[in-house]
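Visitor: After the sequence you'll find the predicted model.
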Amino acid sequence: MVNGKYLYGIVDGAFEFHFVNTGLFSKKAYAIPYKDISAIVSNVPFKEMQPDAENITLHQVVIEESRNQSTVLPARFGTMFKSEDNVRQMLAKSYKDLKSKLIKFKGKDEFGLKIIMDEQDLEKFSTTSQNDPEIKRIKKEISSSGEGTAYFLKMKMNEAIRTDTYRRIEQLSREIHSEVVKTAEENCTLRSDFDQIILNAAYLIDRDETSKFHNKIDALKNRYQTKGLRFHLSGPWAPYSFC
């Protein structure tokens, strides 16, 4: 099978990079330089790469080793080229943009933050929503309505409770996010696959401000622990969410 060049990322510098761990297919990563930047690659069969847990982990390991040696722009999983010449052509064509990003991300790390609300606490929010004036009004109508009308009013009330619950949870999420961004160079919110994750966000943090960032997270944990929120912080990482 023809070998290709699997791209892990672009790094600042055109020197010899050293990798302890192997990348995909147990192949060592190495650098292909162009001017004062390099592409980190390894030899792999030129075929579609399966994004399973093992391959993704191997991809991330090489990126983290790169990050420990220089500023790195992570490549999207599965990016491959047919030859070293094709890699150099890409570096030449995109040099200005790549160099600009490397300068931008120098000395900065990405941190991920997930805030999780247990199902039990979600139910508490739902119960509190029943004190909303509009919901109280619908409940009063139900008590004085016939069976048919009451049925539809109950549906309306349940929908009002859900709307109010999610509105207040979203407000809580925005409050926390607005505090965290004060310590970040950049930020972005990410999709959440579960209702219990009320905030899923990434923050780009200057390394000189890392302690300030962690202190902010600790303060928010203490402030919101009575609401049953769990803070899950990950990182530091290469700037995956900002490239």
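Guide: Arrived safely, thanks for sending.

Visitor: The nearest residue to Ser234 once chain neighbours are set aside: neighbouring residues, count only.
Guide: Nearest residue to Ser234 in three dimensions, chain neighbours excluded: Gly112, at 4.3 Å (CB to CB, 6 or more residues apart in numbering). No exception for glycine: its C-beta is placed from N, CA and C like everyone else's. Counted by other CB atoms under 10 Å, the residues lying close to Gly112 total 17.

Visitor: what's the answer for Lys108, then?
Guide: 21.

Visitor: tell me the phi and psi of it?
Guide: phi -130, psi 150 (degrees, to the nearest 10).

Visitor: okay, the strand or helix carrying the residue nearest to Ser234 in CSV with CA atoms only?
Guide: Using DSSP states H and E, Gly112 sits in strand 108-117. Output of strand 108-117 as CSV, limited to C-alpha atoms (Å, rounded to 0.1, in the frame of the first residue of the first chain):
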residue,chain,number,x,y,z
LYS,A,108,-1.4,30.6,25.3
ASP,A,109,-3.3,27.4,26.2
GLU,A,110,-6.8,26.2,25.8
PHE,A,111,-8.9,25.1,28.8
GLY,A,112,-12.3,23.4,28.5
LEU,A,113,-15.0,23.9,31.0
LYS,A,114,-18.2,21.8,31.4
ILE,A,115,-20.7,22.7,34.1
ILE,A,116,-23.0,19.8,35.0
MET,A,117,-26.3,20.0,36.8
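
Visitor: Adjacent strands (with direction) for that strand?
Guide: strand 197-206 (antiparallel), strand 229-237 (antiparallel) (DSSP bridges).

Visitor: Excluding covalently adjacent residues, which one is nearest to the residue nearest to the spatial centre of the chain?
Guide: The centroid of the chain falls nearest to Ala202 when counting by CA atoms, centre = their mean (4.7 Å). Residue nearest to Ala202 in three dimensions, not counting chain neighbours: Ser241, with 3.8 Å by CB to CB, 6+ apart.
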